[in-house]
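# Give me a 3D structure for the following:
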Amino acid sequence: MIEVPARLGWWRGRAGGAAWLESLPRLAGECAEQWSLRLGEPFGQGHVSLTVPVRLADRKQAVLKLNFPEAESEHEADALAHWHGDGAVRLLEVDRDRNALLLERAVPGTSLWEVADDEEATLIAASVSRRLWRPVPEDHPFRELAAEAEHWTMQLRSNWKVLGRPFEESLVDTAAAAAAELAGSQRELVLCHQDLQGSNLLRSQREPWLAIDPKPIVGEPAFDVASLLRDRRWAIRGNVIGRRLDLLAAELGLERERMRRWGILHALHWGVGSDKLEADLVECARLLAA
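Okay, the predicted model is just below:
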């Protein structure tokens, strides 16, 4: 039986989180039996889902991933199936009742954060992004950015008030204006990864780099660079974000201003919760708004 890593303990503070944590050893065991897996020790990184290296019946390596039932990861399997291994890890099996995915393992699996040169890393991420940005059929199951942006704006202002107005209201207003003006003027709609930054791009033998852990949403490509703009945010100095904007605009043919404004909204959406404030994300929004 596997031991649930302590890093996932924060889920106990969320509704249903404690029960989910307690169910993980059982769920992993059931998946191992169902798919004839030999379980290893859980990976040490990541703090949202349980990921476990496994051996298949043919002794090939794979990864068992167990997600908490939530909207952002609900359609991860559908996104991976849509990409079919082109730029992302392959989906081998899925059990929707258990929120379990059996995935291709990227080997050696070191992340883009190991690439020290920021321009090189940004260009690598851009090359993978370009491959993932594909149109979806009309009957797709994914959330849509146009509708989500309006909800994010309302939730942001509410959370900001609940937290005691911890930073300038002008930043909230800037994000709200971006959502209102950008959501309805998107031209090219594709399946966006939404969290394509260094820790979610892994070295692989099958392809040089593969994306993992999508939070899929249908929107324009200019939105999908938001996480990349603030990548390694703990080390952002000087005009790093500005240089990334220039590089991505040139490399991907995207409008710099749309990338910048989506970046403000997304940083605040992920950084300002009803019970938390991530100051570094707020600072990234501030840098983008400057």
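
# you'd agree residue 171 is up against residue 286?
Yes: counting by CB atoms under 8 Å, residue 171 sits close enough to residue 286 to count as a contact (6.3 Å). The C-beta positions use only the backbone N, C-alpha and C, and glycine is treated the same way.

# Those two: which is more packed in?
Neighbour totals were compared for residue 171 and residue 286, and residue 171 leads with 20 against 16 (other CB atoms under 10 Å).

# Mind listing what's buried along the host helix or strand of the more buried one?
In this assignment (DSSP states H and E), residue 171 forms part of helix 169-183. In terms of neighbour count (16 or more other CB atoms under 10 Å), helix 169-183 has its buried residues at 171, 172, 174, 175, 176, 178, 179, 182, 183.

# Could you do stretch 67-76 as well?
Residues 67, 68, 72, 73, 74, 75, 76 are the ones in stretch 67-76 that count as buried (16+ other CB under 10 Å).

# got it, and stretch 231-238?
For stretch 231-238, by 16+ other CB under 10 Å, it's 231, 233, 236.

# Go ahead and name everything in contact with the helix or strand hosting residue 121.
Here residue 121 sits within helix 118-132, counting by DSSP H and E. Helix 118-132 has contacts (CB atoms under 8 Å, 6 or more residues apart in numbering) with 83, 86-88, 112-113, 115, 190-193, 196-198, 201, 208-211, 221, 224-225, 228, 231-232, 240, 243-244, 247-248, 251-252.

# are any of the residues you listed buried, and which?
83, 87-88, 112, 115, 190-193, 196-198, 201, 209-211, 221, 224-225, 228, 231, 240, 244, 248, 252.

# quick one: which of these sit in helices?
Counting by DSSP state H, the buried ones among the contacts of helix 118-132 place 83, 228, 240, 244, 248, 252 in helices.

# Return the member of the residues you listed nearest to residue 269.
Lowest distance from residue 269 to those (CB to CB) belongs to residue 228, with 15.6 Å.

# correct me, but that closest one touches residue 193?
No: applying CB under 8 Å as the test, residue 228 and residue 193 come out as separate, 9.7 Å apart.

# Just the closest of the ones in helices among the buried ones among the contacts of helix 118-132 to residue 38, please.
Closest to residue 38, out of all of those and judged by CB to CB, is residue 83, at 27.1 Å.

# Would you point out which residue is most central in this protein?
Against the mean C-alpha coordinate of the chain, by CA atoms, centre = their mean, the closest residue is residue 195 at 2.7 Å.
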